[in-house]
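Novice: here is my input; please provide its structure:
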Amino acid sequence: MPLTALIASYDHILLDLDGCVWVGDEPTPGAIDAIAALRAAGKGVAFVTNDTQLVDEEYVRKLWRLGFQASLEEVVTAGGAMQFVLAERFAGHAAVVIGSPALHRHVEGAGLRIVNDTTFASRADVVVVAFHRGFDYDELRQATQAALRGAFLVGSNRDATFPTEDGLWPGSGAVIAALETASGRTVQTVGKPEPTLVQTALDRLGPGRALMIGDRVDADLGAAHAAGIDGAIVLTGASDRETAQAASKPSPVAIAERLQTLVLGAS
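Specialist: Take a look at the predicted model:
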């Protein structure tokens, strides 16, 4: 199917995953056809996510399982960005981690020692924090104690929620807020709306005009603006039409019911 005039005007399309390409474990309606059409038209494609529940290879496997083609080079994650930051600054140091097993693997891959549930936890050099379904009071306590002793605090993103099949769930922003409230400290984040993930994707895609498509005005549109590219919003995730229409500085170049509508003009 032919692309819409808007999408045809770009060389590269950057896609958020949760709420744009899929919700939970289901593709958004028509997303498989939309992304296949982007590839058929020769557009560069990248998947850019704040989620840290999987490592990059697992995101590739999930994309294939749900019916999308994807390569490891096309996937850019907050966990991968976190690993890069930690490896550059804190290799060999001790860390308390609030996060999924995948995030633990990223931290270990950066060369840090994870000291959760040890006598060294309160003296950790770094606290790494992101959403995970096993979040509990004990890890918040350990992270708070390390933060109060001056540990460097780094988080995945400030997304307050993320979309699932049964509605919005609390996201990494909610977990980060708990740590910041308890410690009186500010967590440095690496995910959207910081430009790091988008810039990484652009570096991999090469020269050309690029568009970021996502479901969050704050994170996706903000990251696009910070990286100097256009952004568009789909309504299959966290943002409703009223929120998207009210967005300014930047405003989205388009608002669509879903990815399929934006890419193919399908109803």
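Novice: got the contact list for Ala31?
Specialist: By CB atoms under 8 Å, 6 or more residues apart in numbering, the contact list for Ala31 reads Cys20, Val21, Trp22, Phe68, Arg258, Leu259, Gln260. C-beta: built from backbone N, CA, C; applies to glycine.
Novice: do I have it right that the last one meets Gly30?
Specialist: Spelled out, that is Gln260. Yes: between Gln260 and Gly30 there is a contact under CB atoms under 8 Å: 2.7 Å.
Novice: what is in contact with the two at once?
Specialist: Here Gln260 and Gly30 have Ala266 as joint contacts, going by CB under 8 Å, 6+ apart.
Novice: so where's the stretch 101-250 of the chain shaky on pLDDT?
Specialist: In the predicted model of the stretch 101-250 of the chain, no residue satisfies pLDDT under 70.
Novice: ok, back up a step: among the contacts of Ala31, which are located in strands?
Specialist: Taking DSSP state E, the ones among these that sit in strands are Trp22.
Novice: if we can go back for a sec, ok, Gln260 and Gly30, which is more surrounded?
Specialist: Between Gln260 and Gly30, Gln260 has the larger neighbour count (other CB atoms under 10 Å), namely 24 against 19.
Novice: need the per-residue pLDDT for the more buried one.
Specialist: Note on Gln260: pLDDT of 97.
Novice: which ones are touching Ala201?
Specialist: Contact analysis of Ala201 by CB under 8 Å, 6+ apart lists Leu14, Ala46, Val48, Val76.
Novice: does it sit in a helix, a strand or a coil?
Specialist: Assigned with DSSP: H, G, I helix; E, B strand; the rest coil, Ala201 falls in the helix class.
Novice: and the one 10 residues further on, by the same measure?
Specialist: Going by three-state DSSP, the secondary structure assigned to Leu211 is strand.
Novice: again with the one 10 residues further on
Specialist: The assignment at Leu221 comes out as helix when based on three-state DSSP.
Novice: so it sits right up against Gly231, yeah?
Specialist: Yes: counting by CB under 8 Å, Leu221 touches Gly231, with 4.2 Å between them.
Novice: pick out whichever of those two has more residues nearby.
Specialist: Ranked by neighbour count (other CB under 10 Å), Leu221 and Gly231 place Leu221 first, with 28 against 25.
Novice: now do the contacts for the more buried one.
Specialist: Taking CB under 8 Å, 6+ apart, we find Leu221 in contact with Pro193, Met212, Gly214, Gly231, Ile233, Ala247, Pro250, Pro252.
Novice: ok, and the closest non-adjacent residue to the first one?
Specialist: It refers to Pro193. In space, not counting the residues next to it along the chain, Pro193 is nearest to Gly222; the distance is 2.9 Å by CB to CB, 6 or more residues apart in numbering.
Novice: measure that neighbour to Ala34 for me?
Specialist: According to CB to CB, to the nearest Å, Gly222 and Ala34 sit 23 Å apart.
Novice: what do you get for Ile229?
Specialist: For Ile229 relative to Ala34 (CB to CB), the value is 19 Å.
Novice: neighbour count for the two, which is higher?
Specialist: Per other CB under 10 Å, whichever of Ile229 and Ala34 has more neighbours is Ala34, with 27 against 22.
Novice: pretty sure the more buried one contacts Ala256?
Specialist: No: counting by CB under 8 Å, Ala34 sits too far from Ala256 to count as a contact (10.3 Å).
Novice: mutual contacts of those two, please.
Specialist: Residues touching both Ala34 and Ala256 (CB under 8 Å, 6+ apart) are Leu262.
Novice: going along the chain, name the helices of this protein.
Specialist: Assigned by DSSP state H, the helices in the chain fall at 5-8, 31-40, 56-65, 78-90, 101-109, 137-148, 172-183, 196-205, 222-227, 241-246, 259-264.
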